[in-house]
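Enquirer: For reference, the sequence and a predicted model appear below.
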Amino acid sequence: PRRDVYNADAAHTLPAVLIEMLVHSTPGRLVLLPALPEHLPAGELRGVRTRFGAEVDLAWSRARATAVIRPFRTTRVELRTPSGTEPLDLAAGEDRVLDLTTR
């Protein structure tokens, strides 16, 4: 009530929840836009670290999205998007640019 308490749970958890709604990863899987919130019709997210050794930048609008994946090591992951699922081969140091539909 006096606003002199810092709530670390809310301050650190809410951004993580939002990131997980846009980019989710496991060691062998990348899911882009798994739960795009309707109140965010357009936006941009940069520098998301994945659990399989890559960094992702994501920009989206109501109909389209672009993801840039920067892998740190060579790997194959299962890519899940609103359009479907497919294998994605990534080579260390080689950026991959993906054009997606958001719905």
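Expert: Cool, got the structure.

Enquirer: going forward, measure contacts and count neighbours with C-alpha atoms only.
Expert: Fine.

Enquirer: for this protein, what spans make up the strands?
Expert: Assigned by DSSP state E, the chain shows strands spanning 23-26, 29-32, 43-49, 54-60, 64-71, 75-81, 84-90, 96-101.

Enquirer: which neighbours does the fifth one have in its sheet, and in what orientation?
Expert: Based on DSSP bridges, the strands next to strand 64-71 in the sheet, each with its direction, are strand 54-60 (antiparallel), strand 96-101 (antiparallel).

Enquirer: can you put those strands in TSV and add mean neighbour count, distance to residue 77 and mean pLDDT?
Expert: Shown next, in TSV, are the strands paired with strand 64-71 (neighbours: other CA atoms under 10 Å; distance: least, CA to CA, whole Å; pLDDT from 0 to 100):
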stretch	mean neighbour count	distance to residue 77	mean pLDDT
strand 54-60	19	11	97
strand 96-101	14	13	95
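
Enquirer: Of all the ones you listed, which one is nearest residue 75?
Expert: Closest to residue 75 of those is strand 54-60 (CA to CA; 9.7 Å).

Enquirer: what residues does that closest one touch?
Expert: The set of residues external to strand 54-60 that reach it, using CA atoms under 8 Å, 6 or more residues apart in numbering, is 41-50, 65-73, 102.

Enquirer: Can you give me the separation between residue 40 and residue 102?
Expert: According to CA to CA, to the nearest Å, residue 40 and residue 102 sit 12 Å apart.

Enquirer: Grab the most central residue of the protein for me.
Expert: With distances taken as CA atoms, centre = their mean, residue 23 lies nearest the centre of the chain, 2.1 Å away.

Enquirer: I'd say that one and residue 36 touch.
Expert: No: the criterion here is CA atoms under 8 Å, and residue 23 misses it with residue 36 at 9.5 Å.

Enquirer: what residues does the helix or strand of the chain with the lowest mean pLDDT touch?
Expert: In the chain, the helix or strand scored least confidently by mean pLDDT, DSSP states H and E is helix 8-22, which has a mean of 86. Applying CA under 8 Å, 6+ apart, the contact partners of helix 8-22 are 32, 33, 34, 35, 36, 37, 48.
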